[in-house]
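> attaching a predicted model along with its sequence, questions to come.
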Amino acid sequence: MSEFTDEIKDIFSPSGLLSGLEGFEYRQQQQQMAVSIADSLESNEHNIIEAPTGVGKSLAYLVPAILFALQNERKAIISTCTINLQEQLINKDIPALAQILPVEFKYEILKGRNNYICTKRLNKAMIEKNSLFMTSEQQTLQKIYDFVNKEGKGTRQDIPFPVDDAVWSEIFAEEGVCTQKSCGGADTNCHYQQAKQRMKDADLLVLNHHLFFTLFGFYERDSEGYLYFNDFVIFDEAHTVEQIAAERVSPSVSKEQIRFWLNKLYNPRTQKGFFSMKPADRLKKALESTYQDNEHFFKMLHSHVNSVYSAQAHKSAIRIKQPITLGVELMESLLELTIELKKATPLAKNDIEADEIKNYFTKFTRIRNNLVFFLEQKSDEYVYWVEYKGRARNNIDLCISPIDMAEYFRENIFAKNRQSIMTSATLSTNNTLEFFKNSIGAEEIRGEIIETPFDYGRQMKIHVYRDIPEPEKGAKKNISDLLNESDFEKILTGKIKECVEKTSGGALVLFTSNKLLKSAYNKLLEEFLGSGINLYAQHNGMPNNRILQEFRDDENSVLFGVDSFWMGVDIPGHSLRNVIVTKLPFEVPDHPVIEAKLEFLLQKGGNPFMDYSLPTAILKFKQGVGRLIRSRNDEGIICILDSRIIKKHYGRHFLSSLPECEVIIESDERI
Ligand code: SF4
């Protein structure tokens, strides 16, 4: 133990500094986590820690992070996945620590530059509003201008009325437009520059994973630190970092995206746009060709996918396995457009306009490069697919994603000259961190699983329904499958009812498909009519936060949830006393990214099911089950309606990944 770890241990002891915080309870697990983080910070090591619900992990990382940052003149960055957690840190935990810690520190929430208004661009847009905007947009612009000047606030979140993207895209602090010469130095009135200065001065910064990986993409790869020289980062909700990092490093291109940027240059229909009042005939001609070629290319692509991949026509995401030889005209017109943009620089009236033209040039060059990357498919380290959007499937996104993110994390996040801590309530499967570590290239990184502070033996019981037929594998493929109910589906509704009645409501029913959720919800609405038990369903026209509020307030109600509700529900107390898992949450293996990952594992000699599908499902299952016990006083039951958990050889891995408690096998046989 060093002096620093001793200091941290002492702060978290029963009579330590934190005991002055309202509601503080000594938790040995919290102290253990804080000491582990302090130790890894001091020893310049990366660290991965699973800290179950109830440990109090935010304080366990904030205290060592703040003190270490101050003592070593380094900047601490906290990155989270959800806005809820960011708000909890900024509005509650950090201000409480600022009151109690014997040091002064500065903290800031970090937002991306596209959240800030650029004063220069706002003024310019006001002058040129007739050529840039339609009447309704001009009115919005005027309201923003008045608001900013009256309130002195300058972020999108500050504006108390809706702002559409067409207006915002003309006034935000765009990359590449800032110049010291035009905008002043330290005493600038630019909101973005002022925020940047505060971020630079802060000891502790809070941001989200999306922004972290976006900003990190612009930072020099071999610098010491991630976003600032010599900073260190703590990722909370780290179970999401792999997916978010993959999204950030994966470009996508769509017809709408190209059209949006073309419209910003010049829209021939409305005669609005950056170049509308400029003598740029050749550029406008190149623009018109690009508009036409864009429409034509996506139409041809649609036919190509329909004919070559006709067997997958029912899917919304179709993997493209061969290079596509379409798009020559679009490539040529995009090239022509970038050449004309370069030539148009002398038309700029000032530095800002010159930088905007440069930005358009960069934007269209990137779009063209991404299209080429997608169509040629030269790198086999990526998976390529098209994604259909909209009811009529007429919007197509071209998507690219790295198949394996391990190397990316190894080289960038776990680099020797950098320091990171990853934590989450759910990282382990089968009581090891191996799966999570392998997925992010952290095989050699130190790791720790903290024990739960809850008494699950007393607080939770698991009921497993043995006699329910096993659910069918994978997604339904054809119309007759879709119309016919399987044996599992026929019996499911009755079993859900039986489970709900065990606790007279207070139940969260978790599904893996919207279709099954809707059908069960509609059938049970009738069954529970007049029973005093109200039903709520996700995706039923009400926003998620309102559904959760209604469910929380109505103690005997039932909530039907899918996808995000497996992890985004935090309702301590009596309102949630029963979690019903309808199906083990295996990912559908025919999504292109999953399919490519499974193939990749097979090529490496692994077992795709045991090495990927099973641990991924276990993590989601643990998150679902984790909705039940949120505090030491909670008690309740878990009902598992997927009999594979006891009938299949792999089922035991699900149960052994849960905290120890009584498991009751429910059978239809009567003695
Ligand atoms: S510094 Fe940048 S964001 Fe600020 S007013 Fe100038 S150009 Fe706009």
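On my side now, so go ahead.

> least trustworthy helix or strand in the chain by mean pLDDT?
helix 479-483 (a mean of 52; mean pLDDT, DSSP states H and E).

> for the helix or strand following that helix, buried residues please.
Once helix 479-483 ends, the next helix or strand along the chain (criterion: DSSP states H and E) is helix 487-502. Across helix 487-502, burial judged by 16 or more other Cβ atoms under 10 Å covers 488, 489, 491, 492, 493, 495, 496, 497, 499, 500, 502. No exception for glycine: its C-beta is placed from N, CA and C like everyone else's.

> so how far is residue 465 from the third one?
To tie it back to what came earlier, the one meant is residue 491. Spatial separation of residue 491 from residue 465 under the definition Cβ to Cβ, to the nearest Å is 9 Å.

> can you check residue 409 too?
Here residue 409 is placed at a distance of 40 Å from residue 465 (Cβ to Cβ).

> do residue 365 as well
Remark: distance between residue 365 and residue 465 (Cβ to Cβ) = 58 Å.

> equivalent analysis for residue 405, please.
Taking Cβ to Cβ as the measure, residue 405 and residue 465 are separated by 37 Å.

> how about residue 628?
Taking Cβ to Cβ as the criterion, residue 628 is separated from residue 465 by 17 Å.

> after the strand or helix carrying residue 233 comes which helix or strand?
If you go by DSSP H and E, residue 233 is part of strand 232-235. Where DSSP H and E defines the elements, the next helix or strand beyond strand 232-235 is helix 241-248.

> what's the model's confidence in the helix ranked longest in the chain, averaged?
Longest among the helix segments of the chain by residue count, using DSSP state H, is helix 281-308. Helix 281-308 shows a mean pLDDT of 93 in the predicted model.

> what helices and strands are in contact with it?
In this structure, helix 281-308 makes packing contacts with helix 255-265, helix 328-343, strand 395-402, judged by 3 or more Cβ pairs under 8 Å, 6 or more residues apart in numbering; DSSP states H and E.

> at 10 Å what do you get?
strand 252-254, helix 255-265, strand 317-319, helix 328-343, helix 351-376, strand 382-389, strand 395-402 (3 or more Cβ pairs under 10 Å, 6 or more residues apart in numbering; DSSP states H and E).

> can you add mean pLDDT, distance to residue 22 and mean neighbour count and give these back as a markdown table?
Conversion of the helices and strands packed on helix 281-308 to a markdown table gives the following (pLDDT from 0 to 100; distance: least, Cβ to Cβ, whole Å; neighbours: other Cβ atoms under 10 Å):
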| stretch | mean pLDDT | distance to residue 22 | mean neighbour count |
| --- | --- | --- | --- |
| strand 252-254 | 90 | 46 | 19 |
| helix 255-265 | 91 | 49 | 18 |
| strand 317-319 | 92 | 49 | 19 |
| helix 328-343 | 95 | 58 | 18 |
| helix 351-376 | 91 | 49 | 18 |
| strand 382-389 | 91 | 48 | 20 |
| strand 395-402 | 90 | 45 | 19 |
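
> of all these, which one is nearest residue 167?
Of all these, it is helix 255-265 that lies closest to residue 167, at 11.6 Å by Cβ to Cβ.

> whichever residue of the stretch 301-450 of the chain sits closest to the ligand and residue 358, how far apart?
Taking Cβ to the nearest ligand atom as the measure, the point where the stretch 301-450 of the chain comes nearest the ligand is residue 352, at 6.3 Å. When distance is defined by Cβ to Cβ, residue 352 is 11 Å away from residue 358.
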